[in-house]
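A.B. asks: What follows is a protein structure lacking sequence information:
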C-alpha cells in the first residue's frame, strides 16, 4: 500500500497526492468545494479555503468573498474590503487587483461592490459610476453624489465663484459690490470697487464725481468741470 501523501495501486507505483486532494492508504480524496491543499497532503486537515473564499460562520464550508472584497491568501483568513475610492463587482475575487478605481473626480466607501457606488466628489457633478465634471464657475456643490451644481446667483445674488467650488462661501461679491450683512450691495454713485470679495467700496477723490451705480474702477470718477469742486465721494455733477 502506498504511504500517506501518495496514491496508487501498489507500493511500487505510487504518485504524490496532487494539489486539492489528500491521500491515505493509497486512496485519493478531493478537498471540499472551494478548498485547496498542497502536494503530498495526508489528511483533510490540510484542506484550507482557496483564494477568494473564506471559512463559513459554522466553520464547515468555504464561502465566496462577497463583492467589494477579496482574499489573496489561502486559509481561514477573512475577506479584505476594497479600499475607499475603488470597487469590485466580482464574487470570490482572488486579489486586490480586482478592486478597480472609481472614475475621475468620484469616490466610494470602503468595500464598495458596484461601479454605481462611485459618487461625484463635492464640487463635481454627473451620474453615479461615470466620470464627473467640475461645477462651472459661479456655481457650487457641497455634497457628494449626482446632485446638480447650484448657481451662486440663486442663493446670493451678485456673486461669483471659481470652477469646482464646494461651498456657498466660495460665492463672493462681484466687482462693484460690497458685502453688507451677508448680502452683496451695489456701490453707490461716487464709489467703486475693483476686485472680487467682501472688500469695501472706495470713494471717488475730492474734485471728481461718478453717477455710476456698482462702478468697478476709479476710471468712472470724472473730474469736475473747470472752476468747480466736489467733496470726496460725490455722486453727481450737481
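C.D. replies: Here it is on my side, so go on. Computed from a prediction, not measured in an experiment: that's the story for all the values here. Numbers count the residues shown, from 1 in each chain.
A.B. asks: roughly how far apart are the spatially most central residue of the chain and residue 79?
C.D. replies: Here the mean C-alpha position of the chain is nearest to the C-alpha of residue 107 (C-alpha atoms, centre = their mean), at a distance of 2.3 Å. Plainly put, residue 107 is 22 Å away from residue 79 if you go by C-beta to C-beta, to the nearest Å. C-betas here are computed from N, CA, C, even on glycine.
A.B. asks: and the residue lying closest to residue 152 once chain neighbours are set aside, how many neighbours?
C.D. replies: Closest residue to residue 152 apart from its sequence neighbours, by C-beta to C-beta, 6 or more residues apart in numbering: residue 171 at 3.6 Å. Counted with other C-beta atoms under 10 Å, the neighbours of residue 171 add up to 25.
A.B. asks: Quick check, pLDDT for residue 171.
C.D. replies: Here, the pLDDT recorded for residue 171 equals 97.
A.B. asks: That one reaches residue 158, doesn't it?
C.D. replies: No - the criterion here is C-beta atoms under 8 Å, and residue 171 misses it with residue 158 at 9.5 Å.
A.B. asks: re the thing from before, ok, the residue nearest to the centre of the chain - contacts?
C.D. replies: The contact partners of residue 107, by C-beta atoms under 8 Å, 6 or more residues apart in numbering, come to 84, 85, 118, 119, 121, 144.
A.B. asks: Looking at those residues, which are in strands?
C.D. replies: In strands, judged by DSSP state E, the following of the contacts of residue 107 are found: residue 119.
A.B. asks: Just the buried residues out of the contacts of residue 107, in ChimeraX syntax.
C.D. replies: Per 16 or more other C-beta atoms under 10 Å, the buried members of the contacts of residue 107 correspond to this ChimeraX selection:
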select :118,119,121,144
